[in-house]
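[1] Structural data only, the sequence is not supplied:
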Ligand SMILES: NC(=O)c1ccc[n+]([C@@H]2O[C@H](COP(=O)([O-])OP(=O)(O)OC[C@H]3O[C@@H](n4cnc5c(N)ncnc54)[C@H](OP(=O)(O)O)[C@@H]3O)[C@@H](O)[C@H]2O)c1
């Protein structure tokens, strides 16, 4: 008799699953037998993802395209999910973007849009599904932050601050869920291959010239494994882990100078 997969009977909702880290996280869950609900703005890409993962892993994949940056989009998504008779056991808050450059001269709608997507939508969805997880004593939340979460980020200030929120919020929930059976993990990748750089405009910074970006599947696997083990924080890779661990011990002014330098154009 085939062994039951760990995710069988459970559904994971993955945001930002049309490409990049979110797509690879969705694949990790599908591989372990989770049914999926995948969401992002691009309906065509999502449809293709749903078909591919369903065929490859024999799980149900429901694509729901919408812009999570719109106020109330989390509630609208949850309504669509409930309308289809689906439930959410695991929430993967991955959708997010960054914008490189100083605040001066940047577009207010892009900075505020980052807050709406990286923070507001993540909180809205978590608040919707959290009580059900605690009641069921299973499932959980995997939030995608960044190594940007560990320090302020001059020349990318709003993005770094948004990820600091995600890290702080996730760690607090991890504690609130302790002993309940509900898992909470915060995945903190460093530079990773995806479309992120294209949208963020970080391709020409000193940071981006420092070394190879990590493949998105490697990042996703580390995040998925961390979530399975209820690891509070998962920083991807030795160098990223070392830098994140070092940040609190550096004098703040020095740290600000280092990050400013890293985020400056080459
Ligand atoms: N790549 C990196 O170097 C890096 C490093 C650290 C942390 N991260 C974090 O990792 C997460 C995933 O990023 P990624 O690198 O995989 O970037 P990506 O390749 O740009 O993917 C972003 C995903 O989010 C979706 N998305 C963007 N805006 C959206 C919106 N308004 N509503 C709904 N979905 C939206 C995108 O799909 P649509 O365009 O179809 O909407 C896509 O599926 C982000 O939270 C990012 O901050 C990335």
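    Noted; the coordinates are in hand. The structure presented is a predicted model; accordingly, all values stated were derived computationally and were not measured.

[2] ok, residue 39 touching residue 67?
    No: taking CB atoms under 8 Å as the definition, residue 39 is not a contact partner of residue 67, at 9.8 Å. Backbone N, C-alpha and C define where each C-beta goes, glycine included.

[3] These two: which is more packed in?
    residue 39 (27 against 15; other CB atoms under 10 Å).

[4] Just say helix, strand or coil for that one.
    Put simply, residue 39 is strand when judged by DSSP: H, G, I helix; E, B strand; the rest coil.

[5] Now tell me what touches the helix or strand bottoming out on mean pLDDT in the chain from outside.
    Ranking every helix and strand in the chain by mean pLDDT, DSSP states H and E puts helix 196-200 at the bottom, with a mean of 88. With contacts defined as CB atoms under 8 Å, 6 or more residues apart in numbering, helix 196-200 is touched by 20, 97, 98, 99, 100, 156, 159, 191, 202, 203, 208, 213.

[6] any bit of it sitting next to the ligand?
    Yes: counting by CB under 6 Å from any ligand atom, contacts between helix 196-200 and the ligand involve 196, 199.

[7] for whichever helix or strand comes after that helix, packing partners?
    Next helix or strand after helix 196-200 toward the C-terminus (DSSP states H and E): helix 216-228. Applying 3 or more CB pairs under 8 Å, 6 or more residues apart in numbering; DSSP states H and E, we find helix 216-228 packed against helix 20-31, strand 140-144, strand 183-188, strand 233-235.

[8] Please identify the residues of the stretch 1-150 of the chain in proximity to the ligand?
    Near the ligand, when you scan the stretch 1-150 of the chain using CB under 6 Å from any ligand atom, you find 16-22, 40-42, 45, 67-69, 94-98, 117, 144, 146.

[9] Got a PyMOL select line for the buried ones in the residues you listed?
    In PyMOL, this line selects whichever of these come out buried by 16 or more other CB atoms under 10 Å:
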select buried, resi 16+17+18+19+20+21+22+40+45+68+69+94+95+96+97+98+117+144+146
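
[10] Buried ones in the least confident helix or strand of the chain, by neighbour count?
    Buried residues in helix 196-200 (16+ other CB under 10 Å): 196, 197, 200.

[11] Mind listing what's buried along stretch 98-105?
    Across stretch 98-105, burial judged by 16+ other CB under 10 Å covers 98, 99, 100, 101.

[12] So which of these belong to helices?
    The helices, defined by DSSP state H, take in nothing from the buried residues of stretch 98-105.

[13] between those, which is nearest the ligand?
    Proximity of these to the ligand (CB to the nearest ligand atom) peaks at residue 98, which lies at 5.8 Å.

[14] ok, now which ones touch the closest one?
    114, 146, 148, 156, 159, 196, 199, 200, 202.

[15] Farthest-apart pair in these, please.
    Across those, the longest distance by CB to CB is 14.8 Å; it joins 148 and 199.

[16] neighbouring strands for the helix or strand hosting residue 12, and are they parallel or not?
    Element membership of residue 12 [criterion: DSSP H and E] is strand 11-15. If you go by DSSP bridges, strand 11-15 pairs up with strand 35-40 (parallel), strand 90-93 (parallel).

[17] Just send those back as a markdown table, with mean pLDDT too.
    As requested, those are exported to a markdown table (pLDDT from 0 to 100):
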| stretch | mean pLDDT |
| --- | --- |
| strand 35-40 | 98 |
| strand 90-93 | 99 |
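
[18] For residue 260, find the nearest of these.
    Among the strands paired with strand 11-15, strand 90-93 comes nearest to residue 260, with 28.5 Å by CB to CB.

[19] can you pull the buried residues of the very next helix or strand once past the closest one?
    Following strand 90-93 in sequence order, the next helix or strand is helix 108-114 (DSSP H and E). For helix 108-114, the neighbour count (16+ other CB under 10 Å) marks 111, 113, 114 as buried.

[20] Return the distance of residue 119 relative to residue 133.
    Between residue 119 and residue 133 the distance is 20 Å, computed by CB to CB, to the nearest Å.

[21] Neighbour count for these two, which is higher?
    Set residue 119 next to residue 133 and count neighbours by other CB under 10 Å: residue 133 wins out with 23 against 20.

[22] per-residue confidence at the more buried one?
    Looking at residue 133, its pLDDT stands at 98.
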